[in-house]
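Peer 1: Got a predicted model here, sequence first, then my questions.
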Amino acid sequence: MKQLNTLYKFELDKEKKASKELQAAELDYQQHKERLKSVSDYRLEYMKRLNQRSLEGIDSATYSHFHAFIAKLDNAAQQVKVAAHQAKSLVETRRKQWLEQRRKVQAVELLRDKKLTAQRLLADRQEQKMFDEIATQQFIRRRI
């Protein structure tokens, strides 16, 4: 039983570690999604400014500056999309690892439960045997 308890603790520690890694990966993914939204929102706002300035009249140098900056925002958004995709893949990998580790912990728990049940049954049988022996001795004493 001691070996099962040691194995259980070891597998449980591995599960906790896998859970923390999954949480970290999920947090990283959420941060990438938020960055992508921020970049997209900023790009939209910048496009509105360009549109407003175009209606008021804009020189070609300023127009080129706006478009160059929008291109940089597009590039940044693309980089964040790639990073978010990688982060999402990592989340799925970490989730699979955690689920596999959870199954291992559950398997060890099942073995422990079976072992404890078997030990309890044996102890109950021994206790019943002892009570039967006591009852038999008392019966014999009364007859004598």
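Peer 2: Received it, and whenever you're ready, just let me know what you need. Residues are numbered from 1 along each chain as shown.
Peer 1: For the chain, which residues score under the pLDDT cut-off?
Peer 2: Residue ranges of the chain with pLDDT under 70: 144.
Peer 1: What is the longest helix of this structure by residue count?
Peer 2: helix 60-143 (DSSP state H).
Peer 1: Centre of the chain to it, how far?
Peer 2: 9 Å (Cα atoms, centre = their mean, to the nearest Å).
Peer 1: Which strands or helices does it pack on?
Peer 2: helix 2-56 (3 or more Cβ pairs under 8 Å, 6 or more residues apart in numbering; DSSP states H and E). In short, each C-beta sits where N, CA and C put it, glycine included.
Peer 1: what is the orientation angle of the longest helix of the chain with helix 2-56?
Peer 2: If you take axes from the mean of the first three to the mean of the last three Cα atoms, to 10 degrees, helix 60-143 sits at 160 degrees to helix 2-56.
Peer 1: Residue 58 in helix, strand or coil?
Peer 2: Assigned with DSSP: H, G, I helix; E, B strand; the rest coil, residue 58 falls in the coil class.
Peer 1: residues in contact with it?
Peer 2: Residue 58 sits next to 50, 66 when contact means Cβ atoms under 8 Å, 6 or more residues apart in numbering.
Peer 1: again, 6 Å this time
Peer 2: Under the criterion of Cβ atoms under 6 Å, 6 or more residues apart in numbering, the contact list for residue 58 is empty.
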